[in-house]
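Participant: Provided below are the primary sequence and the corresponding predicted coordinates.
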Amino acid sequence: MKEEIDLKKLTREYLKSYYSINSYIGCTINCGYCFLAPIKIVPMRPIKVIEEETLVDNMIKDKYFVKDKTIISLNNRTDPFISQEVKNSTFKLLDIMEELNLKNIVTITTKGLLTEEDAKKLDEYSNIRIVIIVTYNGIPLKIQPINKNIQEKTMKHISKCKHVYLLHQFRPIIPGVNDDECTIRKIIDYAKKYCVATIFQGIRVNDFIKDRLEERDYTYTGKIGDSHKQKSTTTDAIFEQLKLENKNYQIFDHTSCALSYIFKFPDYNLHYSKNSCSKLCKNYELCHNITCKEPVDLESRLSKIGINSNWELKEGTLLIDGLLNDEQKSYIKHILNLNVKAKIRENTYSEKIMEGEK
């Protein structure tokens, strides 16, 4: 018998692209592809798991957190603006961080409605650097039961902000649903009127989500259980063509690339060290001209996050003779700017749920 899921463990997790903090968990939108579904609290009403002051305090005291540098994501275990109750909590988290004079980048990903009043309030924060990421993807209501007009209004309202960055997230791309060229072009044409850039990503499906999609009359025939989001080479080719046609509007495969582009630093997930990046990317020179330097306090920084195994730094990659968990991996990449490999890898708590380990 599998152990009961501990929601408290989902209030803070250092994920691949950001440090996720969540006062609420659960979502009533009930999208067929939702990664929260295996937690069994979709489509239940969002549950408040922790007080906002305690959550921020826990984050600041965490060994993985670095003031003004760690990139934060707010309430991404729900939709941060799904209801007035959750919205109030999201703004309260922002208020607390602002009062603490944190200058970290804070991302908020939503399909929900941000009003003109909400946009004005977001624009008043002067310390924290806010990025709103709107999911707008052309998926029909049967699979994603929320009207696209809501996201369109949110983009219009946030685009008027002077101090808030707006990104468009074209995710997930589902074969036979929203991966045709006509749909993709229509979505990008609308988003580029308001957003700084687009992030496009495929879909990740396990057996649980496959069954949920079939309940919505969609049969998924791609890879099951792969930790990477799946999309076709045909879809990639369409986006590559759009990059050529829209040289003044950036389109990225990765969230970290888009955030790095906005704030003008090399990709903190170091994709450029492994991938063949397009020279059309406005961040290409910045990423590819970087010189890897060993942190002067590397040994103490690694010890601080619990890495005491034998390790070796070789050509910008940290080789660990032992266990590495995903949170340590993110810290090493984002804060120490090093690639890392280990003999044994341990997933985050939420990843274990997705993989059926919990």
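Facilitator: Done, it's in.

Participant: which stretches of the protein aren't confidently modelled?
Facilitator: Scanning the chain for pLDDT under 70 picks out 1-3, 358.

Participant: And the helices in it, which stretches?
Facilitator: 52-61, 84-99, 116-122, 148-158, 181-191, 207-215, 233-245, 255-263, 284-288, 298-304, 326-334, 349-354 (DSSP state H).

Participant: Which positions in the third one come out as buried?
Facilitator: For helix 116-122, a neighbour-count test (16 or more other CB atoms under 10 Å) marks Asp118, Ala119, Leu122 as buried. Where you see a C-beta, it was placed from the backbone N, CA and C, and this is true even at glycine.

Participant: Columns distance to Glu52 on top of the residues you listed, output as TSV?
Facilitator: Formatted as TSV, the buried residues of helix 116-122 follow (distance: CB to CB, whole Å):
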residue	distance to Glu52
Asp118	17
Ala119	21
Leu122	17
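
Participant: got CSV for the helices of the chain, with distance to Trp311 too?
Facilitator: Listed next are those as CSV, based on distance: least, CB to CB, whole Å:
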stretch, distance to Trp311
helix 52-61, 26
helix 84-99, 33
helix 116-122, 42
helix 148-158, 43
helix 181-191, 43
helix 207-215, 36
helix 233-245, 35
helix 255-263, 24
helix 284-288, 25
helix 298-304, 7
helix 326-334, 10
helix 349-354, 23
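
Participant: out of those helices, which comes closest to Thr135?
Facilitator: helix 148-158 (6.8 Å; CB to CB).

Participant: Could you name the helices and strands sitting against the closest one?
Facilitator: helix 116-122, strand 129-135, strand 165-170, helix 181-191 (3 or more CB pairs under 8 Å, 6 or more residues apart in numbering; DSSP states H and E).

Participant: and Glu4, which of those is closest to it?
Facilitator: Among these, strand 129-135 sits nearest to Glu4 (CB to CB), with 29.7 Å.

Participant: burial of the nearest residue to Tyr136 once chain neighbours are set aside, as a residue count?
Facilitator: Excluding its sequence neighbours, the residue lying closest to Tyr136 (CB to CB, 6 or more residues apart in numbering) is Gln151, at 4.4 Å. As a burial measure, Gln151 scores 23 neighbours (other CB atoms under 10 Å).

Participant: Go ahead and confirm Gln151 touches Ile132.
Facilitator: No: using CB atoms under 8 Å, Gln151 makes no contact with Ile132, being 10.9 Å away.
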